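[1] Could you work out the structure for the sequence below:
(one chain, ligands or ions: 1)
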Amino acid sequence: MAPLYFLSPKTMFTVLNQVSGKSFKCGDEESVLDGALSNGFNFPYGCQNGFCGQCKAVILNGEIDYDGEVPSVLSADDIDSNMALLCQCKAKSDLYIAVDELDSLAAIEVRSMPCRVEQINHLNHDVIQLILKIPGAQSLQYLAGQYLDLEHSDFDSRYYSIANAPTNSNLIELHIRLVDNGKLTNFIFNSLVPKSILRIEGPKGSFFLREESECPIIFIAGGTGFGPVKAIIEHLINIRSQRKVYLYWGVRSEVDLYSNLPSEWSEKYPNISFIPVLSEANETWDGNKGYVHDSVIKDFEDLTGFEVYACGPPVMVNAAAKSCLEHQLVKENFFSDSFEYANVSNDNA
Ligand code: FES
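    You can find the predicted model right below:
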(Lines give C-alpha, C1' and ligand atoms only; values in the text may rest on other atoms or scores of the structure.)
Protein backbone atom coordinates (compact mmCIF):
# COMPACT_ATOMS: atom_id res chain seq x y z
CA MET A 1 0.00 0.00 0.00
CA ALA A 2 1.33 3.42 -0.95
CA PRO A 3 2.42 5.52 2.02
CA LEU A 4 0.13 8.35 3.03
CA TYR A 5 1.59 11.82 3.16
CA PHE A 6 -0.05 14.54 5.19
CA LEU A 7 0.66 18.14 4.28
CA SER A 8 0.53 20.40 7.26
CA PRO A 9 -2.01 23.16 6.54
CA LYS A 10 -0.41 26.57 6.24
CA THR A 11 -1.14 28.95 9.06
CA MET A 12 -3.00 32.09 8.07
CA PHE A 13 -2.59 35.41 9.84
CA THR A 14 -4.52 38.65 9.58
CA VAL A 15 -2.58 41.69 8.44
CA LEU A 16 -4.30 45.00 9.23
CA ASN A 17 -3.10 48.20 7.60
CA GLN A 18 -3.47 51.13 9.98
CA VAL A 19 -3.45 53.67 7.13
CA SER A 20 -6.41 52.27 5.19
CA GLY A 21 -8.11 50.33 7.98
CA LYS A 22 -8.29 47.33 5.61
CA SER A 23 -7.02 43.83 6.34
CA PHE A 24 -6.12 40.67 4.46
CA LYS A 25 -5.18 37.09 5.23
CA CYS A 26 -1.56 36.08 4.72
CA GLY A 27 -0.02 32.62 4.94
CA ASP A 28 3.08 32.01 7.03
CA GLU A 29 4.94 30.67 3.99
CA GLU A 30 4.48 33.64 1.69
CA SER A 31 5.93 37.13 1.96
CA VAL A 32 3.63 39.77 3.41
CA LEU A 33 3.87 41.59 0.07
CA ASP A 34 2.76 38.47 -1.83
CA GLY A 35 -0.20 38.12 0.52
CA ALA A 36 -1.15 41.77 -0.02
CA LEU A 37 -0.88 41.62 -3.81
CA SER A 38 -2.82 38.39 -4.17
CA ASN A 39 -5.63 40.00 -2.15
CA GLY A 40 -5.76 42.99 -4.51
CA PHE A 41 -3.96 45.50 -2.26
CA ASN A 42 -1.94 48.16 -4.10
CA PHE A 43 1.11 48.05 -1.82
CA PRO A 44 4.15 49.80 -3.29
CA TYR A 45 7.03 47.63 -4.48
CA GLY A 46 9.80 47.51 -7.04
CA CYS A 47 12.27 44.65 -7.43
CA GLN A 48 10.57 42.05 -5.17
CA ASN A 49 14.07 40.77 -4.47
CA GLY A 50 15.06 42.73 -1.40
CA PHE A 51 17.25 45.31 -3.16
CA CYS A 52 15.27 48.46 -3.90
CA GLY A 53 13.65 49.16 -0.53
CA GLN A 54 10.38 50.35 -2.10
CA CYS A 55 8.32 47.86 -0.06
CA LYS A 56 9.51 49.16 3.33
CA ALA A 57 6.74 49.45 5.91
CA VAL A 58 6.44 49.96 9.64
CA ILE A 59 5.40 46.95 11.73
CA LEU A 60 3.35 48.50 14.54
CA ASN A 61 2.58 45.22 16.24
CA GLY A 62 3.21 41.53 15.65
CA GLU A 63 6.06 39.24 14.69
CA ILE A 64 7.79 38.77 11.37
CA ASP A 65 10.68 36.64 10.21
CA TYR A 66 13.14 36.60 7.31
CA ASP A 67 14.30 33.34 5.75
CA GLY A 68 17.91 34.38 6.14
CA GLU A 69 19.57 37.48 7.47
CA VAL A 70 17.80 40.82 7.77
CA PRO A 71 18.17 42.41 4.28
CA SER A 72 21.03 44.89 4.08
CA VAL A 73 18.82 47.54 2.45
CA LEU A 74 17.34 48.09 5.93
CA SER A 75 19.56 50.55 7.81
CA ALA A 76 20.13 50.45 11.57
CA ASP A 77 17.69 53.38 11.84
CA ASP A 78 15.11 51.45 9.83
CA ILE A 79 15.40 48.48 12.15
CA ASP A 80 15.17 50.70 15.24
CA SER A 81 11.98 52.20 13.78
CA ASN A 82 10.47 48.72 13.26
CA MET A 83 10.71 49.00 9.48
CA ALA A 84 10.39 45.75 7.57
CA LEU A 85 10.91 44.74 3.96
CA LEU A 86 7.51 43.32 3.02
CA CYS A 87 8.77 41.46 -0.06
CA GLN A 88 11.15 39.45 2.13
CA CYS A 89 9.47 39.02 5.50
CA LYS A 90 6.84 36.50 6.51
CA ALA A 91 4.16 36.91 9.16
CA LYS A 92 4.63 34.84 12.30
CA SER A 93 1.58 36.30 14.04
CA ASP A 94 -1.26 38.67 13.20
CA LEU A 95 0.28 41.96 12.09
CA TYR A 96 -0.62 45.61 12.46
CA ILE A 97 1.33 47.58 9.88
CA ALA A 98 1.43 51.03 8.30
CA VAL A 99 1.64 51.22 4.50
CA ASP A 100 0.63 54.06 2.18
CA GLU A 101 -1.18 52.18 -0.54
CA LEU A 102 -0.90 53.40 -4.10
CA ASP A 103 -4.07 55.13 -5.17
CA SER A 104 -2.59 57.59 -7.60
CA LEU A 105 -0.16 57.53 -10.46
CA ALA A 106 2.44 59.68 -8.75
CA ALA A 107 3.96 56.83 -6.79
CA ILE A 108 4.24 54.33 -9.62
CA GLU A 109 7.45 54.20 -11.60
CA VAL A 110 7.24 53.80 -15.38
CA ARG A 111 9.63 51.02 -16.35
CA SER A 112 10.86 49.46 -19.56
CA MET A 113 11.57 45.73 -19.61
CA PRO A 114 11.70 42.71 -21.89
CA CYS A 115 8.94 40.13 -21.76
CA ARG A 116 8.35 36.73 -23.31
CA VAL A 117 5.27 35.75 -25.28
CA GLU A 118 3.69 33.02 -23.19
CA GLN A 119 0.41 32.40 -25.03
CA ILE A 120 -1.38 33.67 -28.13
CA ASN A 121 -5.07 32.81 -27.95
CA HIS A 122 -7.56 33.67 -30.67
CA LEU A 123 -10.69 34.83 -28.83
CA ASN A 124 -12.74 35.33 -32.02
CA HIS A 125 -12.20 36.26 -35.67
CA ASP A 126 -10.36 39.52 -34.96
CA VAL A 127 -9.29 39.60 -31.29
CA ILE A 128 -6.25 37.93 -29.79
CA GLN A 129 -5.47 37.46 -26.14
CA LEU A 130 -1.71 37.89 -25.76
CA ILE A 131 -0.20 36.65 -22.50
CA LEU A 132 3.24 38.09 -21.76
CA LYS A 133 5.57 36.89 -19.04
CA ILE A 134 7.88 39.29 -17.25
CA PRO A 135 11.24 37.73 -16.37
CA GLY A 136 11.37 36.41 -12.80
CA ALA A 137 13.72 39.06 -11.47
CA GLN A 138 11.53 41.93 -12.62
CA SER A 139 7.99 43.07 -11.99
CA LEU A 140 5.53 45.61 -13.32
CA GLN A 141 3.46 47.45 -10.79
CA TYR A 142 0.31 49.07 -12.14
CA LEU A 143 -3.24 50.00 -11.27
CA ALA A 144 -6.07 48.05 -12.89
CA GLY A 145 -7.15 49.93 -16.02
CA GLN A 146 -3.75 51.33 -17.03
CA TYR A 147 -1.99 50.62 -20.31
CA LEU A 148 1.54 50.00 -21.58
CA ASP A 149 3.58 50.50 -24.74
CA LEU A 150 4.23 47.28 -26.63
CA GLU A 151 7.51 47.52 -28.51
CA HIS A 152 9.04 45.48 -31.32
CA SER A 153 12.22 46.59 -33.08
CA ASP A 154 10.62 46.38 -36.56
CA PHE A 155 7.52 48.45 -35.79
CA ASP A 156 6.43 51.65 -34.10
CA SER A 157 5.37 50.99 -30.53
CA ARG A 158 1.66 50.74 -29.78
CA TYR A 159 -0.46 51.32 -26.69
CA TYR A 160 -2.42 48.42 -25.24
CA SER A 161 -4.48 48.33 -22.08
CA ILE A 162 -3.57 45.71 -19.52
CA ALA A 163 -6.54 43.34 -19.34
CA ASN A 164 -5.81 41.56 -16.06
CA ALA A 165 -5.94 42.90 -12.52
CA PRO A 166 -2.65 43.36 -10.69
CA THR A 167 -2.11 40.34 -8.50
CA ASN A 168 1.00 38.55 -7.49
CA SER A 169 1.66 37.31 -11.01
CA ASN A 170 4.28 38.23 -13.54
CA LEU A 171 1.82 37.61 -16.38
CA ILE A 172 0.35 40.48 -18.38
CA GLU A 173 -2.76 40.00 -20.52
CA LEU A 174 -3.53 42.15 -23.56
CA HIS A 175 -6.57 42.06 -25.87
CA ILE A 176 -5.47 42.95 -29.37
CA ARG A 177 -7.87 43.62 -32.22
CA LEU A 178 -6.71 43.14 -35.78
CA VAL A 179 -6.57 46.52 -37.51
CA ASP A 180 -6.87 46.56 -41.31
CA ASN A 181 -3.46 47.54 -42.72
CA GLY A 182 -2.09 47.79 -39.18
CA LYS A 183 1.52 46.62 -39.41
CA LEU A 184 2.02 45.59 -35.80
CA THR A 185 -1.35 43.87 -35.35
CA ASN A 186 -0.92 41.97 -38.63
CA PHE A 187 2.49 40.83 -37.41
CA ILE A 188 0.97 39.74 -34.08
CA PHE A 189 -1.85 37.84 -35.81
CA ASN A 190 0.22 36.21 -38.52
CA SER A 191 3.86 35.91 -37.48
CA LEU A 192 4.31 36.22 -33.71
CA VAL A 193 5.00 32.89 -31.99
CA PRO A 194 5.21 31.83 -28.33
CA LYS A 195 8.58 32.41 -26.65
CA SER A 196 9.26 35.51 -28.80
CA ILE A 197 10.75 38.38 -26.86
CA LEU A 198 9.05 41.77 -26.94
CA ARG A 199 9.55 44.87 -24.87
CA ILE A 200 7.04 46.76 -22.77
CA GLU A 201 7.12 50.18 -21.14
CA GLY A 202 4.59 51.15 -18.51
CA PRO A 203 2.36 51.51 -16.71
CA LYS A 204 0.74 54.57 -18.25
CA GLY A 205 -2.61 56.34 -18.24
CA SER A 206 -5.00 57.67 -15.65
CA PHE A 207 -7.85 55.23 -16.24
CA PHE A 208 -8.02 53.38 -12.95
CA LEU A 209 -10.49 52.68 -10.19
CA ARG A 210 -11.11 55.40 -7.58
CA GLU A 211 -11.17 53.04 -4.62
CA GLU A 212 -12.08 55.55 -1.95
CA SER A 213 -15.56 55.97 -3.45
CA GLU A 214 -18.60 53.84 -2.63
CA CYS A 215 -20.68 55.10 -5.60
CA PRO A 216 -22.28 52.55 -7.92
CA ILE A 217 -20.28 52.22 -11.14
CA ILE A 218 -21.40 52.09 -14.75
CA PHE A 219 -18.77 50.72 -17.12
CA ILE A 220 -19.22 51.53 -20.80
CA ALA A 221 -16.90 49.42 -22.96
CA GLY A 222 -16.64 49.45 -26.73
CA GLY A 223 -15.01 46.45 -28.46
CA THR A 224 -11.59 45.71 -26.93
CA GLY A 225 -12.24 48.60 -24.52
CA PHE A 226 -13.52 45.66 -22.50
CA GLY A 227 -9.86 44.78 -21.66
CA PRO A 228 -9.12 47.47 -19.04
CA VAL A 229 -12.70 47.25 -17.76
CA LYS A 230 -12.12 43.53 -17.19
CA ALA A 231 -8.98 44.38 -15.19
CA ILE A 232 -10.88 46.84 -12.99
CA ILE A 233 -13.81 44.46 -12.38
CA GLU A 234 -11.36 41.65 -11.52
CA HIS A 235 -9.74 44.03 -9.07
CA LEU A 236 -13.14 44.89 -7.51
CA ILE A 237 -13.77 41.15 -7.13
CA ASN A 238 -10.30 40.58 -5.63
CA ILE A 239 -10.84 43.25 -2.99
CA ARG A 240 -14.36 41.87 -2.33
CA SER A 241 -15.97 45.18 -3.12
CA GLN A 242 -19.75 45.24 -2.73
CA ARG A 243 -20.15 48.31 -4.95
CA LYS A 244 -22.95 47.91 -7.47
CA VAL A 245 -21.49 47.44 -10.96
CA TYR A 246 -23.31 47.75 -14.30
CA LEU A 247 -21.25 46.67 -17.29
CA TYR A 248 -22.50 47.79 -20.72
CA TRP A 249 -20.42 46.21 -23.48
CA GLY A 250 -21.11 47.56 -26.95
CA VAL A 251 -20.02 45.64 -30.04
CA ARG A 252 -21.28 45.22 -33.59
CA SER A 253 -22.61 41.66 -33.53
CA GLU A 254 -22.83 38.73 -31.14
CA VAL A 255 -19.58 37.19 -32.38
CA ASP A 256 -17.73 40.32 -31.20
CA LEU A 257 -18.59 39.53 -27.56
CA TYR A 258 -15.31 37.67 -27.28
CA SER A 259 -15.43 36.76 -23.58
CA ASN A 260 -17.95 34.87 -21.44
CA LEU A 261 -16.58 36.39 -18.25
CA PRO A 262 -19.22 39.16 -17.95
CA SER A 263 -22.03 36.56 -18.01
CA GLU A 264 -20.18 34.43 -15.46
CA TRP A 265 -19.64 37.45 -13.18
CA SER A 266 -23.29 38.43 -13.31
CA GLU A 267 -24.35 34.88 -12.40
CA LYS A 268 -21.85 34.57 -9.57
CA TYR A 269 -21.87 38.07 -8.03
CA PRO A 270 -25.23 39.65 -7.15
CA ASN A 271 -23.72 43.16 -7.30
CA ILE A 272 -22.59 42.82 -10.95
CA SER A 273 -25.01 43.25 -13.87
CA PHE A 274 -24.05 42.69 -17.49
CA ILE A 275 -25.85 44.34 -20.41
CA PRO A 276 -24.45 43.50 -23.88
CA VAL A 277 -25.47 45.94 -26.62
CA LEU A 278 -25.25 45.18 -30.34
CA SER A 279 -25.16 47.95 -32.93
CA GLU A 280 -25.74 45.57 -35.85
CA ALA A 281 -27.92 42.90 -34.27
CA ASN A 282 -29.64 40.28 -36.38
CA GLU A 283 -33.28 39.36 -35.91
CA THR A 284 -32.52 36.52 -33.44
CA TRP A 285 -30.96 38.91 -30.88
CA ASP A 286 -33.46 39.89 -28.20
CA GLY A 287 -31.07 41.95 -26.05
CA ASN A 288 -30.27 45.68 -26.22
CA LYS A 289 -29.61 47.18 -29.67
CA GLY A 290 -28.12 50.43 -30.94
CA TYR A 291 -25.43 52.65 -29.44
CA VAL A 292 -24.10 51.48 -26.08
CA HIS A 293 -24.38 54.90 -24.41
CA ASP A 294 -28.03 55.17 -25.47
CA SER A 295 -28.71 51.90 -23.61
CA VAL A 296 -27.19 53.37 -20.47
CA ILE A 297 -29.34 56.49 -20.65
CA LYS A 298 -32.45 54.41 -21.33
CA ASP A 299 -31.83 52.53 -18.06
CA PHE A 300 -30.57 55.51 -16.00
CA GLU A 301 -32.22 58.81 -16.78
CA ASP A 302 -30.62 60.43 -13.72
CA LEU A 303 -26.96 59.63 -13.09
CA THR A 304 -26.66 61.60 -9.87
CA GLY A 305 -24.50 59.64 -7.43
CA PHE A 306 -22.95 57.36 -10.09
CA GLU A 307 -19.43 57.01 -11.44
CA VAL A 308 -19.00 56.18 -15.12
CA TYR A 309 -15.87 54.56 -16.57
CA ALA A 310 -15.83 54.51 -20.38
CA CYS A 311 -13.24 52.89 -22.59
CA GLY A 312 -13.28 52.33 -26.33
CA PRO A 313 -13.05 54.26 -29.61
CA PRO A 314 -12.97 58.05 -29.15
CA VAL A 315 -16.29 58.56 -30.92
CA MET A 316 -17.99 56.20 -28.44
CA VAL A 317 -16.29 57.71 -25.40
CA ASN A 318 -17.10 61.27 -26.49
CA ALA A 319 -20.74 60.40 -27.12
CA ALA A 320 -20.94 58.63 -23.75
CA ALA A 321 -19.47 61.65 -21.95
CA LYS A 322 -21.93 64.05 -23.62
CA SER A 323 -24.96 61.86 -22.83
CA CYS A 324 -23.94 61.18 -19.24
CA LEU A 325 -23.26 64.83 -18.44
CA GLU A 326 -26.65 65.75 -19.92
CA HIS A 327 -28.19 63.29 -17.45
CA GLN A 328 -26.83 64.77 -14.22
CA LEU A 329 -23.53 62.90 -14.01
CA VAL A 330 -21.01 65.05 -12.14
CA LYS A 331 -18.12 65.83 -14.52
CA GLU A 332 -15.53 64.63 -11.98
CA ASN A 333 -17.23 61.21 -11.92
CA PHE A 334 -16.60 60.47 -15.59
CA PHE A 335 -13.36 58.58 -16.28
CA SER A 336 -12.25 57.55 -19.75
CA ASP A 337 -9.51 56.16 -21.93
CA SER A 338 -10.50 58.13 -25.00
CA PHE A 339 -7.41 60.23 -25.63
CA GLU A 340 -4.99 57.36 -25.40
CA TYR A 341 -6.91 55.52 -28.13
CA ALA A 342 -7.28 58.69 -30.17
CA ASN A 343 -3.54 59.22 -30.41
CA VAL A 344 -2.94 56.09 -32.42
CA SER A 345 -3.10 56.04 -36.18
CA ASN A 346 -4.11 52.87 -37.99
CA ASP A 347 -0.86 52.66 -39.95
CA ASN A 348 1.07 52.07 -36.78
CA ALA A 349 -1.52 49.89 -35.10
S1 FES B 1 10.31 45.33 -3.56
FE2 FES B 1 12.38 45.88 -3.71
S3 FES B 1 13.09 45.48 -1.72
FE4 FES B 1 11.06 44.79 -1.62
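[2] who does the strand ranked longest in the chain pair up with?
    The strand spanning the most residues in the chain, taking DSSP state E as the definition, is strand 111-122. Sheet pairing here is set by DSSP bridges, and for strand 111-122 it gives strand 127-133 (antiparallel), strand 197-204 (antiparallel).
[3] and the last one, how far from the chain's centre?
    In terms of C-alpha atoms, centre = their mean, to the nearest Å, the centre of strand 197-204 is found 15 Å from the chain centre.
[4] what secondary structure does the closest residue to the ligand within the stretch 101-250 of the chain sit in?
    Residue of the stretch 101-250 of the chain nearest the ligand, by C-beta to the nearest ligand atom: residue 139 (7.8 Å). Every residue, glycine included, has its C-beta placed from N, CA and C. The three-state label given to residue 139 by DSSP: H, G, I helix; E, B strand; the rest coil is coil.
[5] how about the closest residue to it other than its chain neighbours, secondary structure?
    Distance criterion C-beta to C-beta, 6 or more residues apart in numbering; nearest residue to residue 139, sequence neighbours excluded, is residue 48 at 5.1 Å. The three-state label given to residue 48 by three-state DSSP is coil.
[6] Compute the first-to-last residue distance for stretch 252-263.
    18 Å (C-alpha to C-alpha, to the nearest Å).
[7] That should have said stretch 60-68, apologies.
    With C-alpha to C-alpha, one end of stretch 60-68 sits 22 Å from the other.
[8] Residue 188 looks like it's in a strand, true?
    No. Looking at residue 188 with three-state DSSP, it is helix, so not inside a strand.
[9] from here on, count from 272
    Sure, I'll start numbering at 272, so the last one becomes residue 459.
[10] Would you mind listing what in the protein touches the ligand?
    Taking C-beta under 6 Å from any ligand atom as the contact definition, the chain meets the ligand at 316-319, 321-326, 344, 356, 358.
[11] Swap in 5 Å and give it another go.
    Within the chain, the positions adjacent to the ligand are 316, 317, 318, 319, 321, 323, 325, 326, 358 by C-beta under 5 Å from any ligand atom.
[12] Compare those residues and tell me which is most surrounded.
    residue 358 (26 neighbours; other C-beta atoms under 10 Å).
[13] Would you agree that residue is in contact with residue 301?
    No. In this structure, residue 358 is not within contact of residue 301 by C-beta atoms under 8 Å, at 10.6 Å.
[14] Tell me where the stretch 422-571 of the chain has strands.
    426-432, 442-448, 468-475, 488-493, 516-522, 543-549, 559-560 (DSSP state E, counting those that start in this stretch).
[15] so residue 565 touches residue 591, yeah?
    No. Contact criterion C-beta under 8 Å: residue 565 and residue 591 do not qualify, at 9.6 Å.
[16] who has more neighbours, these two?
    The neighbour comparison of residue 565 against residue 591 (other C-beta under 10 Å) goes to residue 591, with 30 against 18.
[17] and the residue lying closest to the more buried one once chain neighbours are set aside, how many neighbours?
    The shortest distance from residue 591 to any non-neighbouring residue, by C-beta to C-beta, 6+ apart, is to residue 564 (4.0 Å). Residues near residue 564, counting by other C-beta under 10 Å, number 26.
[18] Please report the distance of residue 564 from the ligand.
    41 Å (C-beta to the nearest ligand atom, to the nearest Å).
[19] show me what contacts that residue?
    491, 519, 521, 581, 587, 590, 591, 594, 595 (C-beta atoms under 8 Å, 6 or more residues apart in numbering).
[20] Recalculate using a threshold of 6 Å.
    Neighbouring residues of residue 564 by C-beta atoms under 6 Å, 6 or more residues apart in numbering: 590, 591, 594.
[21] wait, isn't the last one in contact with residue 568?
    If I follow you right, that is residue 594. Yes. Contact criterion C-beta atoms under 6 Å: residue 594 and residue 568 qualify, at 5.2 Å.
[22] can you pull out the helices in the stretch 472-620 of the chain?
    Per DSSP state H, counting those that start in this stretch, the stretch 472-620 of the chain carries helices over the ranges 497-509, 532-539, 563-570, 585-597, 609-613.
[23] Include mean pLDDT when you put the ones you listed into CSV, please.
    Output for the helices of the stretch 472-620 of the chain, formatted as CSV (pLDDT from 0 to 100):
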stretch, mean pLDDT
helix 497-509, 95
helix 532-539, 98
helix 563-570, 97
helix 585-597, 92
helix 609-613, 45
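[24] hey, which of these is tucked in deepest?
    Most buried of the helices of the stretch 472-620 of the chain, by mean neighbour count (mean count of other C-beta atoms under 10 Å): helix 497-509, with a mean of 24.
[25] what residues does it touch?
    311, 415-416, 432-436, 446, 478, 480, 490, 492, 520, 582.
[26] same check, this time on stretch 471-490
    Under the contact criterion C-beta under 6 Å, 6+ apart, stretch 471-490 has outside partners 374, 383, 386, 413-421, 499-500, 503, 514-518, 567, 576-580, 606, 608, 611.
[27] Kindly report the same for stretch 317-334.
    Contacts for stretch 317-334 (C-beta under 6 Å, 6+ apart): 304, 315-316, 342, 344, 353-359, 363-370, 410.
[28] Can I get the buried part of the residues you listed as one PyMOL selection?
    Here is the PyMOL command that selects only those of the contacts of stretch 317-334 that count as buried (16 or more other C-beta atoms under 10 Å):
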select buried, resi 304+315+316+342+344+354+355+356+357+358+359+365+366+367+368+370+410
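[29] Please list the members of the contacts of stretch 317-334 that lie in strands.
    Judged by DSSP E, the contacts of stretch 317-334 include 354, 355, 356, 366, 367, 368, 369 as members of strands.
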